[in-house]
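[1] structure for this input, please:
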Amino acid sequence: MKTEKLILGLCKLSIYIKEFLDKNTEVYNEDDERLSAILRRSEIENPWFTIENQKFALSQWADLLTEKNLKNWLSSYKVGTTSKKVGLILAGNIPMVGFHDVLSVILSNHIPLIKLSSKDKLLLPFLLEKWNEFSDENVRYEFVERLKDFDAIIATGSNNTARYLEYYFKDALSVIRKNRTSIAVLKGDETKEELALLADDIFRYFGLGCRNVTRLFIPEDFKIDQIFESFLKFESVINHNKYANNYEYNRAIYLLNQERFWDNNFVMLKEDAALFSPLSVLNFTRYQQIEEVEEFIVENAQNIQAIVAKPELGLNSINFGEAQNPGLETYADNVDTMSFLEVI
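    Presented below is the predicted three-dimensional model:
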């Protein structure tokens, strides 16, 4: 019965978000004004969280939180009768990135002890408050500054932070996530529309998410100009001060080191074997046989979150434009959070 109320509350939250996003500001009610103020303040406190990107994240979640999606997702798991306290150390690289963990813990009949990221501390509390309101006060959660008296831990951080977390929580049941990124593989016959969707996978959230593509594989005879043409719809990123600073810095370094790169005045392409690329740079490699790409994927599996490519390449990939549209059954670091929560 409680799970039904939680699902109903999420469906109402979805409707609320969609109505907010569709409204003209002139007809905002008190709650709408409050949410709008939160979006503005979030952007001021963390300039990477533009209102546009926050609204994109809200829209994606609103589309996911349907009764059908939620019940299909939960049908694969058993909800326990005993509630445990699960400490959550949330990331803050993109808006609402920790919401899936919070959702998973609550729908598993556990209580999340939420340590918010300083970079994303405003929107999530508002949404949880609304979810609780829409669920007849059945949503249990706590915000904490320091984690204690927990039964399990789910934490996300950089590779350096993860080493500290693994040591600190060595005696606890835990899921500790590290840095990951995503790759794209072109077959060579992609349409302009497909390449334009690839641009979404690269530039959405300024490329700060683990699902953003930072490494590209292209056939030997593929022309770089084709890629640059598909990027033009994101040329306004250079007007963002923090992004522009990264672009200018990396460009200066490459020029000083006399390294070869391709530039279109807002992003650089660099022929580089590294999986991770600096912000404003996309590393690429030319390949002769798809087996070369498959070997790279196997060698770097622990660091790859998603692969964007045509299905016929057989790379267990997602379609162009889907990198930032994960489903409820898609888990960070490919670790099934719900299965972990079943056994704590």
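[2] alpha carbons only for contacts and neighbour counts from here, please
    Fine.
[3] what segments of the stretch 151-300 of the chain are strands?
    152-156, 173-177, 181-185, 213-219, 262-263, 268-271, 281-287 (DSSP state E, counting those that start in this stretch).
[4] find the nearest non-adjacent residue to Lys5, please.
    Distances taken as C-alpha to C-alpha, 6 or more residues apart in numbering put Ser135 closest to Lys5, at 5.3 Å, once the chain neighbours are dropped.
[5] ok, which of the strands of the stretch 151-300 of the chain comes nearest Leu65?
    The minimum distance between Leu65 and those falls on strand 152-156, with 22.2 Å, by C-alpha to C-alpha.
[6] ok so, going back, what distance do you get for the residue nearest to Lys5 to Tyr16?
    Distance, Ser135 to Tyr16, using C-alpha to C-alpha, to the nearest Å: 13 Å.
[7] neighbours around the residue nearest to Lys5, how many?
    Applying other C-alpha atoms under 10 Å, we find 22 residues neighbouring Ser135.
[8] please name the residues that touch it.
    For Ser135, the contacting residues are Lys5, Leu6, Ile7, Leu8, Gly9, Leu10, by C-alpha atoms under 8 Å, 6 or more residues apart in numbering.
[9] from those, which land in helices?
    In this view, those that belong to helices under DSSP state H are Lys5, Leu6, Ile7, Leu8, Gly9, Leu10.
[10] same for the helix or strand of the chain with the lowest mean pLDDT, what does it pack against?
    Taking mean pLDDT, DSSP states H and E as the measure, the chain has helix 159-168 as its least confident helix or strand, at a mean of 90. If you count contacts as 3 or more C-alpha pairs under 8 Å, 6 or more residues apart in numbering; DSSP states H and E, helix 159-168 packs onto strand 173-177.
[11] residues of the strand it packs on that come out buried?
    Leu173, Ser174, Val175, Ile176, Arg177 (16 or more other C-alpha atoms under 10 Å).
[12] what's it in contact with?
    By C-alpha under 8 Å, 6+ apart, the residues outside strand 173-177 that reach it are 151-158, 162, 165-166, 332-333, 344.
[13] from the residues you listed, which would you call buried?
    Looks like the contacts of strand 173-177 have 151-157, 162, 165-166, 332-333, 344 buried, using 16+ other C-alpha under 10 Å.
[14] same list, the residues you listed, but as JSON lines with distance to Thr285 please.
    Compiled in JSON lines, the buried ones among the contacts of strand 173-177 are given as follows (distance: C-alpha to C-alpha, whole Å):
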{"residue": "Asp151", "distance to Thr285": "45"}
{"residue": "Ala152", "distance to Thr285": "41"}
{"residue": "Ile153", "distance to Thr285": "38"}
{"residue": "Ile154", "distance to Thr285": "35"}
{"residue": "Ala155", "distance to Thr285": "33"}
{"residue": "Thr156", "distance to Thr285": "29"}
{"residue": "Gly157", "distance to Thr285": "28"}
{"residue": "Ala162", "distance to Thr285": "29"}
{"residue": "Leu165", "distance to Thr285": "34"}
{"residue": "Glu166", "distance to Thr285": "34"}
{"residue": "Ala332", "distance to Thr285": "26"}
{"residue": "Asp333", "distance to Thr285": "24"}
{"residue": "Ile344", "distance to Thr285": "43"}
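[15] please enumerate the helices of the stretch 1-150 of the chain.
    Using DSSP state H, counting those that start in this stretch, the helices of the stretch 1-150 of the chain run over 2-22, 30-45, 51-64, 67-74, 99-107, 123-134.
[16] okay, those helices in a markdown table with mean neighbour count, distance to Trp262 and mean pLDDT next?
    Listed next are these as a markdown table, based on neighbours: other C-alpha atoms under 10 Å; distance: least, C-alpha to C-alpha, whole Å; pLDDT from 0 to 100:
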| stretch | mean neighbour count | distance to Trp262 | mean pLDDT |
| --- | --- | --- | --- |
| helix 2-22 | 19 | 38 | 97 |
| helix 30-45 | 16 | 31 | 97 |
| helix 51-64 | 18 | 27 | 98 |
| helix 67-74 | 15 | 42 | 98 |
| helix 99-107 | 20 | 37 | 98 |
| helix 123-134 | 18 | 38 | 98 |
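[17] these into JSON lines, with extra columns for distance to Leu208?
    Listed next are the helices of the stretch 1-150 of the chain as JSON lines, based on distance: least, C-alpha to C-alpha, whole Å:
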{"stretch": "helix 2-22", "distance to Leu208": "24"}
{"stretch": "helix 30-45", "distance to Leu208": "15"}
{"stretch": "helix 51-64", "distance to Leu208": "12"}
{"stretch": "helix 67-74", "distance to Leu208": "27"}
{"stretch": "helix 99-107", "distance to Leu208": "17"}
{"stretch": "helix 123-134", "distance to Leu208": "18"}
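[18] and Ala323, which of the ones you listed is closest to it?
    helix 51-64 (11.8 Å).
[19] now for that closest one, which elements pack on it?
    Judged by 3+ C-alpha pairs under 8 Å, 6+ apart, helix 51-64 is in contact with helix 2-22, helix 30-45.
[20] show me this protein divided up by domain.
    As given by automatic domain parsing, the domain ranges for the chain are 2-168, 181-313.
[21] start to end distance for the shortest one?
    So the one you mean is domain 181-313. Per C-alpha to C-alpha, domain 181-313 runs 20 Å from first to last residue.
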